[in-house]
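Enquirer: Structure, please.
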Amino acid sequence: MMKHALKYAGVAGLTALAFAAMPAWAQDAALQSPPAAATAATVNKGDTAWMMTSTVLVMMMILPGLALFYGGLTRAKNMLSVMTQVGAVACLAMLIWVMYGYSLAFGPDMGGGGFLTNFVASFDKAFLKGVTAASQSATFTAGVEIPEYVFISFQMTFAAITVALVLGSVVERMKFSAVMAFAAVWLTIVYLPVAHMVWASSGLFFKAGALDFAGGTVVHINAGVSALVASLMLGKRMGYPTTPMPPHSLTLTGVGTGLLWVGWFGFNAGSALEANGSAGLAMINTFVATAAGGLFWMLIERVRGHKGSALGFCSGIVAGLVAVTPAAGNSGPFGAIVLGAVASVVCFFAVSVLKPRLGYDDALDAFGVHGIGGMIGAIGTGIVYAPSLGGPGAADYNMGAKLLVQLGAVATTIVWASIGTAIAITVAKALTGLRVAPEVEQEGLDLGEHGERAYN
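Expert: Residues are numbered from 1 along each chain as shown. The predicted structure is shown next:
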């Protein structure tokens, strides 16, 4: 995605490239003519309308999409608590984003540069200082920009859904107060630095050329690994794994899945920042990778001797969406199909074989689908980007070198998310006690934490 970096691209460099590409007679004419005044960047209304639409689509992924998807997978006595947690941390993320999150992720470098700017920017844009209705953010086309408020809002929804995804591993046993304390710390020390490293112009992996069109590392690996660490530190649910804990409403999970898929077009195609061919490529890849993911999960269920299930279909849909996220604009359609299929099969084994064998209680498989699927997508993007495989890479694309960059970004995200999550959980435990009392867990968090029932 590399969203805000183009803001500072020099006009002189573009002019030089254009001059070098001219035929000789045109160069002579240009040298004899007085230089034309540089065209001022203008806001493109079509791109702006598309980005506003994309932002609302991502918001739909959170409420109601993720809330229904996660809520349906829990037991009935915890439905409202899950929906409330998802919505509340999303709201908190939005407030943090405008207070200091946007500044630390995409603001000006600290002190004009240096080592620390690889990890975080400055507070110069804290509380959106200097941002007005007239200020602009660059797109990937020189001279075409969108209002900065629109860019801020778009990125704000990414922060909101990422922290909400983490909660999938700790539902049915974590205090609401602990969830909120964890979210505040986690966003500050985990999400913002990783977003800066990958997408800001001074970021460590942006400068290294890492490919992450819409959040394979920033969103999915970040959230998935954090979910695993959080679940391990919180401990298993009472009765897990001997007590059956089936989803209480696959109907609601199915509705949530559909809303996630539709909203994901804002997530992926919106990351082009323009209504153009790159957005179109991201759009078709989001269709076909997801279709492959849904079908291949059901196929592997049949191969393993089970019936193709609705839960498996929904899980495969999400696995395909996760895998194609970093590759949305960095792959051809057939490369996206392969990514979706491979991620679906690997994620199936992660949740059905690896999790039971290791015994951790990642309640809604946030790590098994988002963490594992994100790793496959991030590393696989370095492969499907190759023009020989239908990707948009240059003719001299060096797959080996790019894979090393992708592996470095993945490994750094895993380590950063693990350490940061351990700190965030420790802080939340010190402040709130972290886990609900056994009688509340037995009764259900709907009544115990919120005094309400999802169903009467």
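
Enquirer: what's around the closest residue to residue 202 other than its chain neighbours, how many residues?
Expert: If you skip the residues right next to it in sequence, residue 202 has residue 117 as its closest partner in space, 4.2 Å away by Cβ to Cβ, 6 or more residues apart in numbering. Every C-beta, even on glycine, is put in place using the N, C-alpha and C of the backbone. Using other Cβ atoms under 10 Å, residue 117 has 21 neighbouring residues.

Enquirer: out of everything not next to it in sequence, what's closest to residue 343?
Expert: Setting aside the residues directly before and after it, residue 343 is nearest to residue 323 in space (Cβ to Cβ, 6+ apart), at 3.4 Å.

Enquirer: same check, this time on residue 308
Expert: When the adjacent residues along the chain are set aside, residue 308 lies closest to residue 298, with 3.6 Å between them (Cβ to Cβ, 6+ apart).

Enquirer: Let me know whether the one you found touches residue 312 as I believe.
Expert: Yes: here residue 298 lies in contact with residue 312, judged by Cβ atoms under 8 Å, at a distance of 5.3 Å.

Enquirer: Can you read off the pLDDT for the residue nearest to residue 343?
Expert: The pLDDT attached to residue 323 in the predicted structure is 98.

Enquirer: change the start of the numbering to 48 and stick with it
Expert: Yep, numbering from 48; the last one is residue 370 now.

Enquirer: Report how many residues lie close to it.
Expert: Taking other Cβ under 10 Å as the neighbour definition, residue 370 ends up with a count of 35.

Enquirer: can you check residue 462 too?
Expert: Number of residues near residue 462 (other Cβ under 10 Å) recorded here: 11.

Enquirer: how far away is it from residue 476?
Expert: Applying Cβ to Cβ, to the nearest Å, one obtains 22 Å for the distance of residue 462 from residue 476.

Enquirer: thinking again about what came up before, secondary structure class of the residue nearest to residue 249, three-state.
Expert: Assigned state for residue 164: helix (three-state reduction, DSSP: H, G, I helix; E, B strand; the rest coil).

Enquirer: Wait, it touches residue 155, no?
Expert: No: between residue 164 and residue 155 there is no contact, the gap being 9.1 Å when judged by Cβ under 8 Å.

Enquirer: Any stretches of this structure with poor pLDDT?
Expert: 48-87, 159-160 (pLDDT under 70).

Enquirer: Do a quick rundown of the strands in it.
Expert: Secondary structure of the chain, counting by DSSP state E: strands at 89-90, 183-185, 191-194.

Enquirer: Which other helices and strands does the longest one contact?
Expert: Yep, that's strand 191-194 we're talking about. If contacts are counted by 3 or more Cβ pairs under 8 Å, 6 or more residues apart in numbering; DSSP states H and E, strand 191-194 sits against strand 89-90, helix 92-107, strand 183-185.

Enquirer: Then the shortest one?
Expert: Packing partners of strand 89-90 (3+ Cβ pairs under 8 Å, 6+ apart): strand 191-194.

Enquirer: mind listing what's buried in the strand it packs on?
Expert: Of the residues in strand 191-194, those buried under the neighbour-count criterion (16 or more other Cβ atoms under 10 Å) are 191-194.

Enquirer: still on that earlier bit, gap between the residue nearest to residue 249 and residue 116?
Expert: In this structure, residue 164 lies at 37 Å from residue 116, with Cβ to Cβ as the measure.

Enquirer: ditto for residue 415
Expert: When Cβ to Cβ is the yardstick, residue 415 and residue 116 sit 15 Å from each other.

Enquirer: Check residue 320 too.
Expert: To residue 116, residue 320 is 27 Å away according to Cβ to Cβ.

Enquirer: Burial check on the residue lying closest to residue 408 once chain neighbours are set aside, number of neighbours?
Expert: For residue 408, the nearest residue in space outside its immediate sequence neighbours is residue 283; the separation is 3.9 Å by Cβ to Cβ, 6+ apart. Here the number of neighbours of residue 283 (other Cβ under 10 Å) works out to 14.

Enquirer: next one: residue 384
Expert: Applying other Cβ under 10 Å, we find 23 other residues in the vicinity of residue 384.

Enquirer: Just to check, it is in contact with residue 337?
Expert: No: in this structure residue 384 lies outside contact range of residue 337 using Cβ under 8 Å: 9.8 Å.

Enquirer: list the contacts for the closest residue to residue 97 other than its chain neighbours?
Expert: If the residues on either side of it in the chain are set aside, residue 97 comes closest to residue 322, at 4.0 Å by Cβ to Cβ, 6+ apart. For residue 322, the residues meeting the contact criterion (Cβ atoms under 8 Å, 6 or more residues apart in numbering) are 93-94, 96-97.

Enquirer: One more: residue 299?
Expert: Contact partners of residue 299, counting by Cβ under 8 Å, 6+ apart, are 115-116, 118-119.

Enquirer: With residue 166 instead?
Expert: Contacts here follow Cβ under 8 Å, 6+ apart; on that basis residue 166 touches 240, 243-244, 250-251.

Enquirer: distance between the helix ranked longest in the chain and the chain's centre?
Expert: Longest helix in the chain by number of residues, with DSSP state H as the criterion: helix 446-479. Put simply, helix 446-479 sits 14 Å off its chain's centre (Cα atoms, centre = their mean, to the nearest Å).
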